[in-house]
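Here is a sequence together with a model predicted from it:
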Protein chains: 2
Amino acid sequence: MNQRADVHHPEPDGSVTPRLCEACEARHRGICGALTDGELLALSRVSGKRSLEPGENIISDADLVASYGNMLSGVAKLSKTLSDGRQQIVELQFAPDFLGRPFHKESHLTVDAATVVRLCTFPKSTFDKMVSGNPDLKQRLLDQSLRQLDEARDWMVTLGRKTAREKLASFLAYLARHVNPENREKPGGVVVELPLTRSDMADFLGLTIETVSRQLTALRKSNLINLIDSRHVEIRSMPRLLQEAGD
Amino acid sequence: MNQRADVHHPEPDGSVTPRLCEACEARHRGICGALTDGELLALSRVSGKRSLEPGENIISDADLVASYGNMLSGVAKLSKTLSDGRQQIVELQFAPDFLGRPFHKESHLTVDAATVVRLCTFPKSTFDKMVSGNPDLKQRLLDQSLRQLDEARDWMVTLGRKTAREKLASFLAYLARHVNPENREKPGGVVVELPLTRSDMADFLGLTIETVSRQLTALRKSNLINLIDSRHVEIRSMPRLLQEAGD
DNA sequence: CGGCCGGTTGAATCTCTTCAACGTCCGTGG
DNA sequence: CCACGGACGTTGAAGAGATTCAACCGGCCG
């Protein structure tokens, strides 16, 4: 085999990993973990890294999507917009989530960067072919879809049945859980960085920015949280916050 | 091959279809369409039909689920409940939807019959094995998951951003579409049967029963619908209803 | 007949929104 | 250098939309 050192290098076990993928989280926890060495190499040959600033658009609603991506870092917003402009964020994506809707020509979602986002992108056609031929990869896609379906349904309860205060508590719990799943069980406090503006939080929670702001100060006055600055919140006790979240 | 006439019979093309599956919608549009003759036969040997009355429970939250099912007819509610009893219906299932959460020991949902429901059930273990070995089947599961994910996210917009009136209009449109996908494009009117009580509608829309009732009469007074009886609604014009639904 | 369930309607209440003012931070340009 | 404008966030007061509480109706079953 004729290897170019700048594209891949041998692993201790004899397998090869493309340079591009070496330090990539998606290589292990993400979708790419299901790829064979050959597939990974083939994909890395046609993939590229992309960096986006907060607010920058990644995919527009009804766009013809020609490529998929893996989140390498940062937070992206998946949202839907009504004809009169009302917006609802339906999910946040973190590394190493897979970005894109397999088997559909166009997206029915808008994807925007909430923070600085780094992406690894690759052509839809190449990837779709790999999915057809690799059941493990299909399994990973199925796993992610089912996980996202669970998330979506949990959030539907938040949107449909919770009060503004509970929504804010739920959001903070959601964040704490997504930056580190262990946070859910922690007996004490946690500091979380808010990847969203008040306006984004409102769109995620089905509220207005004013209500978001008010409920945050209400939670602070109840000693449940501490507002370090507008982008950092200290959750003083995870169990009490979860209590407050209602479920 | 030693065939028992009560279990299967030969098809014109030489394949065999188990008696049980002959008239089954799921055999074609549903999950079972991806099964080989052999798999279908094996599955039919361990499957059984079940009929449930309205309100009857199919799967409880946190139940250890030992079996899956295909909807043969009727409507089932998938719902989640908060600790204090508030409830949110997260999706309705129609024939020939697949019922159950693959690869998870316990369900995080409650499933109840809304109308009379007929099910074809089969053991989780048998089916899970088939999924591992049959990429087409896995594909169908992935397709259904992605479709449900789209549904869920659309509904999140309804729950988070629409007014009560828009929610009711959205619900009627949702029903019309699920009874018959062509209804979405129809220029004229449609009569739909409501598979849910006012209380269920409220739990699906994140409202109270009183608001549901009031908004229905409001839509009637606006000449958008006609309330034939408490279980039948005539949508007088699909386009106008969709307009009213906001998106 | 009486009671219960599902549904509708009215009046009072409350939660969240709307509208408006104000404060801070930050980059731009006079 | 500092004044200006814009983005983001907080807070107050008034208002609207949905909920709560309550009464009532019709159908059904014991």
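Thanks, I have it.

rest of the way, CA atoms for contacts and neighbours
Fine.

Just give me the residue right at the centre of chain A.
A:Gln93 (1.1 Å; CA atoms, centre = their mean).

Chain neighbours aside, what residue packs nearest to that residue?
Nearest residue to A:Gln93, sequence neighbours excluded (CA to CA, 6 or more residues apart in numbering or on different chains): A:Ala76, at 5.1 Å.

Who does that neighbour form a beta bridge with?
A:Gln93, A:Ala113 (DSSP bridges).

my guess is it meets A:Ala113, correct?
Yes: applying CA atoms under 8 Å as the test, A:Ala76 and A:Ala113 come out as touching, 4.4 Å apart.

How about A:Thr197: what's its closest non-neighbour residue?
A:Arg231 (8.0 Å).

Give me the distance between that neighbour and B:Gln144.
Going from A:Arg231 to B:Gln144 by CA to CA, to the nearest Å gives 38 Å.

Over to A:Ser73?
Using CA to CA, we find A:Ser73 at a distance of 29 Å from B:Gln144.

again, but for A:Ile89
Distance, A:Ile89 to B:Gln144, by CA to CA: 22 Å.

So A:Ala76 and A:Ala113 - more neighbours on which side?
Remark: of A:Ala76 and A:Ala113, A:Ala76 carries more neighbours, 30 against 25, as counted by other CA atoms under 10 Å in any protein chain shown.

by how many degrees do the helix or strand hosting A:Gln148 and helix B:135-161 diverge?
Assigned by DSSP states H and E, A:Gln148 belongs to helix A:135-161. Between helix A:135-161 and helix B:135-161, the angle comes out at 20 degrees (axes from the mean of the first three to the mean of the last three CA atoms, to 10 degrees).

ok, and does helix A:135-161 reach over to DNA strand C?
No: Helix A:135-161 does not reach DNA strand C (CA under 7 Å from any atom of the strand); its nearest approach is 9.3 Å.

what packs against that helix?
helix A:124-133, helix A:164-179, strand B:87-94, helix B:135-161 (3 or more CA pairs under 8 Å, 6 or more residues apart in numbering or on different chains; DSSP states H and E).

now with 6 Å?
helix B:135-161 (3 or more CA pairs under 6 Å, 6 or more residues apart in numbering or on different chains; DSSP states H and E).

angle of the helix it packs on against helix B:124-133?
110 degrees.

Okay, strands next: where are they in chain A?
Here chain A has its strands, by DSSP state E, at A:8-10, A:16-18, A:48-52, A:57-59, A:67-73, A:75-81, A:87-94, A:98-99, A:110-113, A:117-123, A:190-193, A:225-229, A:232-235.

between these, which gets nearest to B:Thr17?
In terms of CA to CA, the element of the strands of chain A nearest to B:Thr17 is strand A:98-99, at 39.0 Å.

Quickly run through the sheet partners of that closest one, with directions.
Paired strands of strand A:98-99, with direction, are strand A:67-73 (antiparallel) (DSSP bridges).

So which residues make contact with the partner strand?
A:95-100, A:117-124 (CA atoms under 6 Å, 6 or more residues apart in numbering or on different chains).

Looking at these, which one is closest to DNA strand D?
Taking CA to the nearest atom of the strand as the measure, DNA strand D lies nearest A:Val117 of those, at 16.0 Å.

quick revisit: so the residue nearest to A:Thr197 is in contact with A:Pro195, correct?
No: contact status for A:Arg231 versus A:Pro195: not in contact, 7.4 Å apart, counting by CA atoms under 6 Å.

quick one, which of these two is more surrounded?
Between A:Arg231 and A:Pro195, A:Pro195 has the larger neighbour count (other CA under 10 Å), namely 21 against 13.

residues in contact with that one?
So A:Pro195 contacts nothing (CA under 6 Å, 6+ apart).

One more pass at 8 Å, please.
Shown in contact with A:Pro195 (CA atoms under 8 Å, 6 or more residues apart in numbering or on different chains): A:75, A:114-115, A:231.

Tabulate the contacts of strand A:67-73 in TSV, adding columns for pLDDT.
Formatted as TSV, those follow (pLDDT from 0 to 100):
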residue	pLDDT
A:Ala95	95
A:Pro96	95
A:Asp97	96
A:Phe98	96
A:Leu99	95
A:Gly100	92
A:Val117	96
A:Arg118	95
A:Leu119	94
A:Cys120	95
A:Thr121	95
A:Phe122	94
A:Pro123	95
A:Lys124	93
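
Could you dump those into CSV and include neighbour count?
CSV is the format used below for those (neighbours: other CA atoms under 10 Å in any protein chain shown):
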residue, neighbour count
A:Ala95, 23
A:Pro96, 22
A:Asp97, 21
A:Phe98, 24
A:Leu99, 22
A:Gly100, 19
A:Val117, 23
A:Arg118, 21
A:Leu119, 22
A:Cys120, 22
A:Thr121, 20
A:Phe122, 20
A:Pro123, 16
A:Lys124, 20
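
For the closest residue to A:Arg27 other than its chain neighbours, report the pLDDT, please.
Once flanking residues are discounted, A:Arg27 sits nearest to A:Gly33: 4.9 Å by CA to CA, 6+ apart. pLDDT recorded at A:Gly33 is 94.

So A:Gly33 is in contact with A:Ala26, correct?
Yes: at 6.9 Å, A:Gly33 counts as touching A:Ala26 under the criterion of CA under 8 Å.

Between these two, which is the more surrounded one?
A side-by-side neighbour count of A:Gly33 and A:Ala26, using other CA under 10 Å, places A:Ala26 first with 20 against 16.

where's the more buried one relative to A:Ala113, distance?
Taking CA to CA, one finds A:Ala26 at 18 Å from A:Ala113.

cool, A:Leu168 as well?
Taking CA to CA, one finds A:Leu168 at 21 Å from A:Ala113.

Over to A:Leu82?
Distance from A:Leu82 to A:Ala113, by CA to CA: 20 Å.

what residues are up against the residue nearest to A:Thr197?
Neighbours of A:Arg231 in contact, by CA under 8 Å, 6+ apart: A:193-197.

Looking at neighbours, which among the residues you listed is most surrounded?
Counting neighbours by other CA under 10 Å, A:Pro195 leads these with 21 neighbours.

ok, how many other residues are close to A:Gly69?
Neighbour count of A:Gly69, defined by other CA under 10 Å: 22.

Tell me what it is bridged to.
Beta-bridge partners for A:Gly69, by DSSP bridges, are A:Leu99, A:Thr121.

from the chain's centre, how far out does the helix holding A:Gln148 sit?
12 Å (CA atoms, centre = their mean, to the nearest Å).

Also stretch A:34-52?
19 Å.

ditto for stretch A:212-223
That offset, for stretch A:212-223, works out to 26 Å (CA atoms, centre = their mean).

Give me the mean pLDDT for it.
98.

Would you mark the buried spots in it?
Across stretch A:212-223, burial judged by 16 or more other CA atoms under 10 Å in any protein chain shown covers A:212-213, A:215-217, A:219-220.

Walk me through the domains of chain A.
Domain assignment of chain A by automatic domain parsing yields the ranges A:8-155, A:162-245.

From chain B, how far out is A:Leu82?
Distance of A:Leu82 to chain B, computed by CA to the nearest CA, to the nearest Å: 5 Å.

Then A:Ser79?
As for A:Ser79, its distance to chain B is 9 Å (criterion: CA to the nearest CA).

ok so, going back, list the contacts for the residue nearest to A:Gln93?
Taking CA under 8 Å, 6+ apart, we find A:Ala76 in contact with A:92-94, A:111-115, A:117.
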